[in-house]
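1. okay, here's the prediction I keep looking at, along with the sequence it came from:
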Amino acid sequence: MSVKESHDPHSVMRASDTRAVAKETADTRALGRLLRDARAQRGMSLKRFAAAAEISEGLLSQFERGQGNPSLLTLQKIAAALDVPLAHLFYKTTPDDEPVDTKSDVLPRRQCAVVPSDGRKKLVLPQEQVVYELLTPDLQRPLEMIRCVVPPGFDGRARPFQHEGEEAVHVLEGRLQAHVADDAHDLGPGDTISLQASLPHWWANIGEVPVVVISACTPPSF
């Protein structure tokens, strides 16, 4: 019986699907907890927060309860309402599905800090299938580094980024088309683009495999 089940491809697929759903739930719950805490720290009512973010109270309430998957555009609006860079919405989860207290992650700027591969703060966007991971320990330093995975077909022209500082993006895998202001640049593995982040910029995956990039930004403003 056990041998037959282990070779049943449908059984394996169902198990994989279950793990994917559970992982997504942990991420959305962690993000919801972070949003609730951020709103409470600012003394904002749900109504005021929703109005500032230009989304409905009902939708924002769902996000805070860990239900639903906000899009990148929605999260950009939420970050703007909180008056923080998008990276402030990165989170970590523990095995019991509870967010880690991020205040304890902040280290003195002169102290050496190691971020293990399984200890990164992240932001998962199931709608776009984009994953952001913070490689630096916090946003209290002059430099911010982010690893990003972008799926085939992704196109960010509807939500260009524009923030202070300078940014460099290095492509590890895949083919990325980087748009900066009115210029487009096709990048492949090993290529790097540097830009003034105050210019509107966005990315598109023009290949057939996920793009993996490392982004460095100073000061932290993504």
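-> Perfect, I can see it now. Values in this document were obtained by computation on a predicted structure and should not be read as measured data. Numbering: from 1, shown residues only.
2. low pLDDT regions in this structure?
-> Counting by pLDDT under 70, the chain shows low-confidence ranges at 1-25, 93-110.
3. so how far is Pro70 from the most centrally placed residue in the chain?
-> Central residue of the chain (C-alpha atoms, centre = their mean): Leu123, 2.9 Å from the mean position. For Leu123, the distance to Pro70 equals 10 Å [C-beta to C-beta, to the nearest Å]. Yep, even glycine has a C-beta here, placed from its N, CA and C like the rest.
4. next: Cys112.
-> Taking C-beta to C-beta, one finds Cys112 at 35 Å from Pro70.
5. same question, Asp37
-> The value you get for Asp37 to Pro70, if C-beta to C-beta is used, is 16 Å.
6. thinking again about what came up before, any residues in contact with both of Leu123 and Pro70?
-> Common neighbours of Leu123 and Pro70 are listed as Leu31 (criterion: C-beta atoms under 8 Å, 6 or more residues apart in numbering).
7. look at Gly136 and give its secondary structure.
-> No, residue 136 isn't Gly; it's Thr. Three-state assignment for Thr136 (DSSP: H, G, I helix; E, B strand; the rest coil): coil.
8. helix or strand for the spatially closest residue to it that is not a sequence neighbour, which one?
-> Spatial nearest neighbour of Thr136, chain neighbours left out: Met145 (4.9 Å); criterion: C-beta to C-beta, 6 or more residues apart in numbering. Using DSSP states H and E, Met145 maps to strand 144-150.
9. next structured bit after that strand?
-> As assigned by DSSP H and E, the chain's next helix or strand after strand 144-150 is strand 166-173.
10. then that following strand to PDB, C-alphas only?
-> Only the C-alpha atoms of strand 166-173 are listed here, as PDB (Å, rounded to 0.1, in the frame of the first residue of the first chain):
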ATOM      1  CA  GLU A 166      20.600  55.300  -6.300                       C
ATOM      2  CA  GLU A 167      19.900  51.700  -7.300                       C
ATOM      3  CA  ALA A 168      21.800  48.900  -9.000                       C
ATOM      4  CA  VAL A 169      20.200  45.700 -10.200                       C
ATOM      5  CA  HIS A 170      22.300  42.600 -11.100                       C
ATOM      6  CA  VAL A 171      20.700  39.700 -13.000                       C
ATOM      7  CA  LEU A 172      21.500  36.200 -11.800                       C
ATOM      8  CA  GLU A 173      19.100  34.200 -14.000                       C
END
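11. which other residues reach it?
-> 176, 178, 187-197, 201, 203, 209-218, 222.
12. filter these down to the buried ones and hand me the ChimeraX line.
-> Buried residues within the contacts of strand 166-173, by 16 or more other C-beta atoms under 10 Å, are selected in ChimeraX with:
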select :176,178,187,193,195,197,201,203,210,211,212,213,214,215,216,217,218,222
